[in-house]
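Engineer: Quick one: sequence plus predicted model below, questions after.
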Amino acid sequence: MQNLASLRVPALDASFCRSPTRPGPFKAPALMTATTAAWLVLLCPIVGTMLIAVGYARWPGRAAGWLATLAIGLSFVFSVIALASLLGHSPDHRQLTSTLWNYDFSAGVDAKLQILVDPLSVFMILVVSGVSTLIHLYSVTYMNQDRGFSRYFSYLNYFVFSMLLLILAGNFLLLIVGWAFVGAASYLLISFWYRRTTATRAGIKAFVINVVGDVGLVIATFILFKHTGTVQFLGVFHAVPHTFAHNSTPIVLAGLLLLVGAFAKSAQVPLHTWLPDAMEGPTPVSALIHAATMVTAGVYLIARTHVIFEWAPTAADVGAIGGCLTLVVAATVAIVMTDIKRVIAYSTMSQIGYMIMGVSVGAYSAGLFHLMTHAFFKALLFMAAGSIIGAMAGDQSLDRMSGFRRALPFTFVCFLVGGLALSGLPPFSGWLSKDDIIAFLDHRGGFFLVLGIIGYAGALLTGIYTFRIIFRAFFGEPSPEARELEHGHLAHAEVPRNPMTGEEEDTDVGFPGPGHFIAEREWPMRIAMGALAVLALIGGLVQVPGIDDAVGKFLDPTFADSKFAHVQVKAGPAWLGLVVGAVIAVIGISLAYRIWIAQPGTSVRVRERFGAAYVFLSHKWYFDELIDFAIVRPALWSGRMVEAVLERSLISGLVTGGTSGAVRAGSAAVRRAQTGFLRYYAALMIVALSGVALYFLLSSS
Amino acid sequence: MTLSILIWLPLAVGLLAALAPRPLVGQVSAVGSLATLGVAISFLVRFKLGHAGLQFVTDKMWISALGIHYKLGLDGLNVALVVLTAILFSVSIVWCAMREWDRPRSFYFHFGLAESAVLGAFCAQDLALFVAFFDLMLIPFYFMVGMWGSGERVRATTKLVIYTLVGSFFMLAAAIATGVLAAGDNHTSLNFALSALRGLPLPHASQDWIFLCFAFAFLVKMPLVPFHGWLVDGYKSMPIPAVAVFSGVVSKVAAYGFLRIVLPLFPYASAHFQTLMLLIALVSIIWGTLAAFTTPDARLVVAYSSVAQLSFITLGIFSLRPTGAQGALLQMLNHGLVTAPLFFIVAAAAARAGGSELLADMGGIAFRAPVLAALALIVTLATLAMPGSSNFVGEFMILLGVFQAKSAISVIAFVGVVGAAVYALRLFITAFHNRTGPNVASRELALPDVAAIAPIVLIILVLAFYPQFGLRRSEPSVRAAVAPAQFQAGALGTPRRVALR
């Protein structure tokens, strides 16, 4: 019973890290402390998961979906309360920790069930819970007729719980827990339609690459623990500058291993191959996981551990180069993909590349600002894509989509808003946030200027591939589905098929349900998309150079110890950057207009002219083939080798065969004496025992 | 209540079951095993935290001429394992009791005997008594394979007998030598009590060969590569409840033996052979992982994963650090809790796939069995030590311990961490997901399976939130057990320090 006694909650009250006794001078009469609110932020989705899972088949109608939406909505409310409470503290006192009980507190490891509430984590939980609420709302309709409705929402709630845990974790161990939970939830949702072989294969791929990332984090934690003797964030960050020499091998190694984790989760080259395949999951899942939340975890990680990266600039530079490489690779592939969701997926990779680049070079508030605006417009793009896919009765190929402008007016407007924000046209949010990152790179100059220029090149490609979707799907001659829809008939597949392979399917559990839905007809989808469209339009206005700096100011306390804390891009150069960015976006869009609208057929001519380049890009730079050749095949081959050859010949043949051959000779004699093996065993035991005992007794006397 | 009641109660129940009227045999055994579990829990509740020493000690002279004691006791090293044993035997016997068996009286008697022997081996605080229980433990399993086994059961029995016989012989010789040499060198009378032997250190040369004998016996029993020749046939032939407890706890007796006997009694040799043991464990991790990738048989995936997991446990013990050893001990508990339900799940899957345990014959079993699939998923994720499970905390501590001792070996061992994700998910996906196999008839779990699997899954979930449960009791005892060997390792090799600052 002693263990129950120690389970009592020791500290739900906040303890101030920087000054344990003195509360902030501006403490407003808040509803609850920020840490209590943060614990409740975590509690809501986990309770939702459990209720839905336990109730499973008993929830009537769409109850499970509404319950899940309510749970995340409450999380958002508590996030807002946490924000209000945090703002009640003076900026110096906005770093709070709170502990429930010991988690792994033994033999020197000091991991408790502990959260860290500071501007960074509050900013992140606001974005995650806010966007997730809208995605839940959208899903209630989108998954309406799916036979796995309850299962879907319990997974979705579990995912949000994991993401919030990752963000609020107060030590490396809990961070890894949240990190892996996110990976598991992503696996579950990717292979949600589990009878689809393509989906289960994509799921295991995502999971395993994510485990590689986990391993990176674990080894990084080992290095940090070995030298600092703690796994708690604040302890480690405090100790790093005193423990490690600046840019010495161990700290660079730790930084690089953290990057392995960040790159695996954020789908950066070369650990990115799971993300396009992850589009096997239902479309709202793509919006939630593979756009708005999970893939930004790497950005969060680098921002959270910025102390380490600033103390190991080599690792930070590797991160910046990796992000830059990814933004180019992904943008080029996005131009040739024909699956609408995959184009958006590659676009996501590319945009995360900007963020990784930003936070690696010290543009923390810019990177996180882009994370926020990207969450808005990318979730919007996926939702709008889901609406088109609904109108196409599940078909995702851009080759078959055409002329949906009149059939899907609301979806069109939403997609256009999202597309303009993604391309970076003024005054949309993406324009302000992306150029914020590039302006910082230009400001640091030298090698970073090169990265900034590559960033502009990526922006050009962004405009092209984004409007490639818009011009192909919404303009031109209406496809049969679009024409039918103009007459009020929603297309319906005769036989449901896997959009990737064309295999026939049924609509029972484990395959998509029979119904398809478009935003024009379903109010929950319209509300979710409308809200995001408004945010994508005006969400960037919180941070306009020379006018406002809300995100940066709010995040300041987290990055107060940064050596870039006082680096401020002046309004002049910042506006110059914004103008350049806008011009590039316009050029990209007009190129797309020329290729797909003004002179149709240009794309075919370009493809023929640059055949080799096209093949290279449509094979996605051959990363899948490379990994298959270098890792998967050798592993399977050695597995077969061990299993079939070594096990059978060496172990069974030589070792066992030799031994049993010797014994068989003896046992033949025993069998002749009509003795069972047990008696033989007992006899041998006694003889051996007495023999050995006799020997030692004699020799010791 | 003494520990004698705990360890002999299962045998008494077995005898009672053997005398009971045939229809009641199963019920009697099930009630008896639950009573044993109750007794074990009562010890857990009364266990005092923060002490390194033995509690609930029973110490009687057994064979005074040879200095062999009947000495039992609990400390941090074995208290959790005793409870684990009682849990796994209870669920296995309950699982059996809801089915029909040939010759049930004999079957349940052997089960009771096995439980008594395992509990005895865990509680024994005398070297000779430990060896006696260790050997007694195997006899019921020979019979269970030989009489209730399936497939190549003759070959399986032969292999099991040969391997364990050879191992036991070495251990017996080593145990006797330990007592005799300790008494001879220190000019005391013969005494096999572990507490006495700890005070009588052996010379280095003797420690070395005695260590190798013990290590051989334990490595065969766990088993680790290349001492695992009996594994495939043995695990394939054993009836499901027998293999569940064998993999769940019998293999742990061997790992426990390292912590209880080898490290404290032969600290010099433990440090001397540290690298060898770590390398064996490392090879074994990779071997077990690779074999689990490709084997076509669902049960063998679990078997090879056990090889890999027990190799991790060995790795943790031979880090010779409290972190690694704590992790190893926690992982013994965790692995027992996942491997037993995995075998029951494989059995349930096979029952839905026309009786075949081949992965190729399975597929889509989740279709009409969401509860079975959910339980299987939780156990699968715990098996691959996903962070958030108690298994991860165990693995984390193990690898951290090895990282502190030999960083390179720890980093290479992470291959096993990634590999576990591959083979565990492969097992789950090919059995439960994908298109429904031709002979698969998906149906929901029946009560006996729920009764065996669900309670353990519940324990897994609780431990996931509070892994400290497994760590806090053991810390003082583990520190005491590892300290001499850690000291020797420090004296043997001057660890290279990375120059900082």
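Structural biologist: Perfect, I can see it now.
Engineer: how about the residues of the stretch 401-501 of chain B near chain A?
Structural biologist: By CB under 8 Å from any CB of the partner chain, the part of the stretch 401-501 of chain B that sits against chain A consists of B:401, B:403-404, B:410-411, B:414, B:417-419, B:421-422, B:425-426, B:429, B:432-436, B:466-469, B:471-472, B:475, B:478-479, B:498, B:500-501. Every residue, glycine included, has its C-beta placed from N, CA and C.
Engineer: which of these are buried?
Structural biologist: Neighbour-count burial within these applies to B:401, B:403-404, B:410, B:414, B:417-419, B:421-422, B:425-426, B:429, B:432-436, B:466-469, B:471-472, B:475, B:478-479; the criterion is 16 or more other CB atoms under 10 Å in any protein chain shown.
Engineer: In helices only, show me the residues you listed.
Structural biologist: The helices, defined by DSSP state H, take in B:401, B:403-404, B:410, B:414, B:417-419, B:421-422, B:425-426, B:429, B:432, B:468-469, B:471-472, B:475, B:478-479 from these.
Engineer: Only the buried residues of the helix or strand encompassing B:T157, if you could.
Structural biologist: Secondary-structure assignment from DSSP states H and E places B:T157 in helix B:153-186. The neighbour-count check on helix B:153-186 (16+ other CB under 10 Å) flags B:153, B:155-184 as buried.
Engineer: out of the residues you listed, which touch chain A?
Structural biologist: Filtering the buried residues of helix B:153-186 for proximity to chain A by CB under 8 Å from any CB leaves B:157-159, B:161-163, B:165-166, B:168-169, B:172-173, B:176-177, B:180-181, B:183-184.
Engineer: A:T466 and A:S423 touch, don't they?
Structural biologist: Yes: A:T466 is in contact with A:S423 according to CB atoms under 8 Å; the separation is 5.0 Å.
Engineer: what sits in contact with each of those two?
Structural biologist: Residues touching both A:T466 and A:S423 (CB atoms under 8 Å, 6 or more residues apart in numbering or on different chains) are A:588-589.
Engineer: Show me where chain B dips below the pLDDT cut-off.
Structural biologist: Residue ranges of chain B with pLDDT under 70: B:1, B:491-501.
Engineer: what helix or strand does the residue minimising distance to the centre of it sit in?
Structural biologist: For chain B, the residue nearest the mean C-alpha position is B:K252 (2.2 Å; CA atoms, centre = their mean). Under DSSP H and E, the secondary-structure element containing B:K252 is helix B:251-257.
Engineer: elements contacting the longest helix along chain A?
Structural biologist: Longest helix of chain A, by residue count under DSSP H: helix A:197-228. Under the contact criterion of 3 or more CB pairs under 8 Å, 6 or more residues apart in numbering or on different chains; DSSP states H and E, helix A:197-228 touches helix A:172-190, helix A:233-243, helix A:249-265, helix A:274-277, helix B:390-405, helix B:407-432.
Engineer: now the angle between helix A:172-190 and the longest strand out of those in chain A, please.
Structural biologist: In chain A, ranked by residue count with DSSP state E as the criterion, the top strand is strand A:96-106. Angle, strand A:96-106 to helix A:172-190, by axes from the mean of the first three to the mean of the last three CA atoms, to 10 degrees: 90 degrees.
Engineer: is strand A:96-106 anywhere near chain B?
Structural biologist: Yes: residues of strand A:96-106 contacting chain B under CB under 8 Å from any CB: A:101-106.
Engineer: One more: stretch A:172-182?
Structural biologist: Yes: Stretch A:172-182 comes into contact with chain B when judged by CB under 8 Å from any CB, the residues involved being A:173, A:176-177, A:179-181.
Engineer: Please produce CSV containing these, extended by pLDDT.
Structural biologist: Written out in CSV, the entries for these read as follows (pLDDT from 0 to 100):
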residue, pLDDT
A:L173, 90
A:I176, 92
A:V177, 92
A:W179, 92
A:A180, 91
A:F181, 92
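Engineer: Among those, pick out the one closest to A:L555, please.
Structural biologist: When these are compared for distance to A:L555 (CB to CB), A:W179 comes out closest, at 21.6 Å.
Engineer: Burial check on that closest one, number of neighbours?
Structural biologist: The local packing count at A:W179 equals 30, with neighbours defined by other CB atoms under 10 Å in any protein chain shown.
Engineer: now do A:A262
Structural biologist: Look at A:A262: counted by other CB under 10 Å, it has 29 neighbours.
Engineer: what's near enough to touch the residue in the stretch 351-500 of chain A that chain B sits nearest to?
Structural biologist: Of all residues in the stretch 351-500 of chain A, A:N498 sits closest to chain B, with a separation of 10.9 Å (CB to the nearest CB). Residues in contact with A:N498, defined by CB under 8 Å, 6+ apart, are A:196, A:198, A:505.
Engineer: Check B:P467 too.
Structural biologist: If you count contacts by CB under 8 Å, 6+ apart, B:P467 has them with A:103-104, B:330, B:390, B:393-394.
Engineer: which among the residues you listed gets closest to A:A491?
Structural biologist: Within the contacts of B:P467, proximity to A:A491 (CB to CB) peaks at B:S390, which comes in at 49.9 Å.
Engineer: doesn't B:L330 make contact with the closest one?
Structural biologist: Yes: shown here, B:S390 and B:L330 form a contact pair, counting by CB under 8 Å, at 6.9 Å.
Engineer: between the two, what contacts are shared?
Structural biologist: B:467, B:470.
Engineer: Give me the secondary structure label for A:H566.
Structural biologist: When the structure is reduced to helix, strand and coil (DSSP: H, G, I helix; E, B strand; the rest coil), A:H566 reads as coil.
Engineer: Please name every helix or strand in contact with the helix holding B:K252.
Structural biologist: Where contact means 3+ CB pairs under 8 Å, 6+ apart, helix B:251-257 is packed against helix B:79-97, helix B:104-123, helix B:127-148, helix B:204-221, helix B:298-317, helix B:322-352.
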